[in-house]
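Undergrad: Got a sequence here, can you model it:
(one chain, ligands or ions: 2)
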Amino acid sequence: MALIELKNISKVFKTGDSQTVALRNVDLEINSGEFIAIVGPSGSGKSTLMHILGLLDSPTEGSYSLNGRSVLRRHDSQLAKLRRSDIGFVFQSFNLLPRLSVIQNVILPMVYAGVPASQRKGRAFELLTKVGVQHRAAYKISQISGGETQRVAVARALANNPSLILADEPTGNLDSKSSQAIIDLLKALNRDGNTVIIVTHNPEIAEQADRVIELRDGEITKARATVPKRRMRELDPESTLHGSGKRTEQRKRQ
Ligand code: ADP
Ligand code: MG
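TA: Residues are numbered from 1 along each chain as shown. Ligands and ions are numbered 1, 2, ... in the order given. Here you go, the predicted model:
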């Protein structure tokens with residue numbers, strides 16, 4: 001069963017007298033454990049698709065099932081709960097609170113999700129360590145670099161241990177070294193079993209995904225399967241690395 005199943009999704013934005021068709025007739029299936037890159041020119045509907053996938057916006061038409069359950073036409077409170085527990089976002093604009101410290105920003109989603117106060121700080125510190133910015137825990141967001149800010153955004157996205165990670169141009173304003181560090185981080189999370197969907201303009205980053213989906217004027221034009229080195233290794237019978245075995249097992253369980 002696919003983790004995500006979009007059928008005939010369209011999204012029309014109405015502003016005053018004009019309307020914009022941001023997505024039209026999008027069909028898309030994503031399996032658990034995939035690493036997907038969404039590419040396409042500016043205005044092609046990438047962010048709109050991410051918002052719909054992340055239950056932040058609903059389509060004008062079509063159906064969406066997540067883990068086999070329809071998630072459209074549900075109450076806001078139910079959606080908020082699903083978002084909090086299952087989905088981690090890394091936005092283009094980071095959406096971090098500049099006046100709070102790094103660690104407070106990571107703790108915040110745990111507060112909303114009802115994680116006991118006694119566990120929050122330890123878990124936030126673990127996540128900051130995972131993304132390599134634990135030494136900045138007490139700094140304000142306004143006091144750290146762009147690359148560090150982006151790492152904090154990833155740590156915050158992971159706060160509630162989501163199975164689906166959505167990242168909308170997470171390397172937007174970063175130099176190539178910091179960009180690759182973020183991508184390596186997302187790849188490591190993917191190897192741990194998380195499904196990762198990333199929007200990117202950078203072909204070198206897109207190449208690293210299992211599958212590239214291209215949008216143009218709100219339509220999927222191309223869904224190309226890349227054969228990443230990692231997957232090649234899995235297919236190689238000589239390779240008995242337990243990491244890949246675990247992954248295969250996880251996939252079977254879906
Ligand atoms: P991308 O992320 O690929 O640059 P978007 O999904 O942000 O594209 O936008 C797709 C189209 O929908 C654009 O024409 C954009 O102007 C329009 N659009 C996006 N969000 C809104 C909105 N909230 N209200 C009106 N139009 C919107
Ligand atoms: Mg966008």
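Undergrad: The spatially closest residue to A157 that is not a sequence neighbour and ligand 1, how far apart?
TA: Leaving out its chain neighbours, the residue that sits closest to A157 by C-beta to C-beta, 6 or more residues apart in numbering is G88, at 3.4 Å. Heads up, the C-betas are built off the backbone N, CA and C, glycines and all. According to C-beta to the nearest ligand atom, to the nearest Å, G88 and ligand 1 sit 19 Å apart.
Undergrad: For G88, what is the enclosing helix or strand?
TA: Taking DSSP states H and E as the definition, G88 sits inside strand 87-90.
Undergrad: Show the average pLDDT along the helix or strand following that strand.
TA: Heading C-terminal from strand 87-90, the first helix or strand you meet, by DSSP H and E, is helix 102-113. Taken as a whole, helix 102-113 carries a mean pLDDT of 94.
Undergrad: Could you export the next helix-or-strand element following helix 102-113 as CSV, CA atoms only?
TA: Counting by DSSP H and E, the element after helix 102-113 in chain order, helix or strand, is helix 117-130. These are the backbone C-alpha positions of helix 117-130, laid out as CSV (Å, rounded to 0.1, in the frame of the first residue of the first chain):
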residue,chain,number,x,y,z
ALA,A,117,7.9,18.7,30.1
SER,A,118,10.5,16.4,31.6
GLN,A,119,11.3,14.8,28.3
ARG,A,120,11.4,17.9,26.0
LYS,A,121,14.7,19.4,26.7
GLY,A,122,16.6,16.1,26.5
ARG,A,123,14.9,15.1,23.3
ALA,A,124,15.5,18.6,21.7
PHE,A,125,19.2,18.4,22.7
GLU,A,126,19.5,14.9,21.1
LEU,A,127,18.0,16.3,17.8
LEU,A,128,20.3,19.3,17.8
THR,A,129,23.2,16.9,18.2
LYS,A,130,21.9,14.8,15.4
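Undergrad: The strand holding G88 pairs with which strands, and in what direction?
TA: Using DSSP bridges, the strands paired with strand 87-90 are strand 164-168 (parallel).
Undergrad: Neighbours of A113, how many?
TA: 15 (other C-beta atoms under 10 Å).
Undergrad: hang on, it packs against N160?
TA: Yes - proximity of A113 to N160 meets the contact threshold set by C-beta atoms under 8 Å, at 4.8 Å.
Undergrad: what residues are shared contacts of those two?
TA: R84, S85 (C-beta atoms under 8 Å, 6 or more residues apart in numbering).
Undergrad: Let me see the contact set for S10.
TA: S10 makes contact with V21, L23, R24, N25, V26, P59, T60, E61, G62, G218, according to C-beta under 8 Å, 6+ apart.
Undergrad: What of Q119?
TA: With C-beta under 8 Å, 6+ apart, Q119 has these contacts: M110.
Undergrad: circling back to that earlier point, pretty sure the residue nearest to A157 sits against A159.
TA: Yes - with contact defined as C-beta under 8 Å, G88 reaches A159; the gap is 7.4 Å.
Undergrad: Among these two, which residue is more densely surrounded?
TA: G88 (26 against 23).
Undergrad: who's the residue of the stretch 101-250 of the chain found nearest ligand 2 bridged to?
TA: Per C-beta to the ion, D168 is where the stretch 101-250 of the chain lies closest to ligand 2, at 6.0 Å. Beta bridges link D168 to V199, judged by DSSP bridges.
Undergrad: can you pick the most crowded of the contacts of S10?
TA: L23 (26 neighbours).
Undergrad: Of all the helix elements in the protein, which one is longest?
TA: Ranked by residue count and defined by DSSP state H, the top helix of the chain is helix 176-191.
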